[in-house]
Each structure stands twice: as C-alpha cells, then as structure tokens.
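S.K.: need the 3D shape of this:
(one chain, ligands or ions: 1)
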Amino acid sequence: MRKYGVVDTTFSRVDMGSIAIKVIRAEDPDAEIIRYTVPGIKDIPVAAKRLLDEGCDGVITLGWVGKSMLDKYSYLATSIGLIITQVLTSKHIIDVTVHEDEVDNEEKLKDLAIDRVTKHAKNLVKLVRDGRNALTPYAGKGLRQGYENVGPID
Ligand SMILES: Cc1nc2c(=O)[nH]c(=O)nc-2n(C[C@H](O)[C@H](O)[C@H](O)CO)c1C
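M.R.: Residues are numbered from 1 along each chain as shown. From the prediction side, this is the model:
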C-alpha cells in the first residue's frame, strides 16, 4: 500500500497540511497518509526523514517563510537539508514553500498557498504512484504552482 507523508508547521499562516491531505486523498483514495506538524521550517528536514524511515514512499513539506533576511537564510538551510535528505533516501520530498513577501496582500497570499499546495500534492501522487514518466507529458509546458501557468515558448 502506498504511504505519503505530509509535514507542516505552526509558523504557517495557512493550514496547508489539511489542503495537501484532502488533495492526496482525492487523487489516491486507498493510500495511507501520515501528517507530522513541527514548529518551523528548520524542523522540517528531520520530520521528512523520519516519515521516510517509517516507510513513506514520498513526502510533501509545507513551509512558510517570513519576510526578514533571517527567515530567508532559515529557508536556505532548510532547502539544503531537504535536498540532502532526498539524495540520501532516494525518495522524493516535494518542497512546497510560500514566501510571505511573494505578493502584497493576505488574500492573494492565501490563494497562492492553496494553488501551490494543490498542484504539488498532485505532482507528488503522480511521481509516487505512477513513476518517473508520469510528468513527462507536461515537460516544457511552463507550468507554475501558486501562479497561472505561463505556457511553452513556441
Ligand atoms: C528566523 C526564523 N524564520 C522562520 C520562518 O521564516 N519560517 C518558519 O517556519 N520558521 C522560522 N523559524 C523557526 C525555525 O524554523 C525553527 O522552528 C526553530 O528554530 C526551532 O527549531 C525561524 C527561527
């Protein structure tokens, strides 16, 4: 049976974990989903690693980065941790991150977060359930998460 991990944080201002679980459940109804909530982004890599150690086939992580330089450095550290974890485990960790200064109002930020989580949760299911070529039909299509797709350059 497939098993997905969902890691989210209490720092986030949108409940992205619940959105990810809803999408994964709709896309892959028979799968098991394990959620792990940590305080902030720097706690995410070990949570993801533990979920993979416990048998998850792939993990989606849901980080929220504040506006300050310190927040951005914290994300850089997190991102490196997540990449290392993927390489060491040979499993996908889809790193969904919302940067609080991406857009200038809270309503747009929430919409962006929902769109990014939804599209990447679907990407995770495709990679885990359907394998390495599942996204190939979309290669080069200028897909974006959190924004409208920009399309290919002809
Ligand atoms: C500066 C900082 N910025 C963020 C952030 O932008 N987003 C976030 O989720 N967490 C942040 N944190 C908290 C750390 O990631 C972590 O939770 C604490 O250092 C405890 O390990 C910190 C300390």
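
S.K.: name the residues linked to the residue nearest to the spatial centre of the chain by a beta bridge.
M.R.: Centroid-nearest residue in the chain, with Cα atoms, centre = their mean: residue 96, separated by 3.1 Å. Residue 96 has these beta-bridge partners by DSSP bridges: residue 62.

S.K.: near the ligand, which residues of this structure?
M.R.: Residues of the chain lying close to the ligand (Cβ under 6 Å from any ligand atom) are 9, 11, 39-43, 63-66, 70-71, 74. Just so you know, the C-beta spots here come from the backbone N, C-alpha and C atoms, and that holds for glycine as well.

S.K.: unless I'm mixing things up, the residue nearest to the centre of the chain is touching residue 59, no?
M.R.: No - if you go by Cβ atoms under 8 Å, residue 96 and residue 59 don't touch, sitting 10.6 Å apart.

S.K.: let me see the ranges of the helices in the chain.
M.R.: Here the chain has its helices, by DSSP state H, at 16-27, 44-53, 69-89, 106-125.

S.K.: residues in contact with residue 97?
M.R.: For residue 97, the contacting residues are 41, 62, 63, 64, 65, 75, 79, by Cβ atoms under 8 Å, 6 or more residues apart in numbering.
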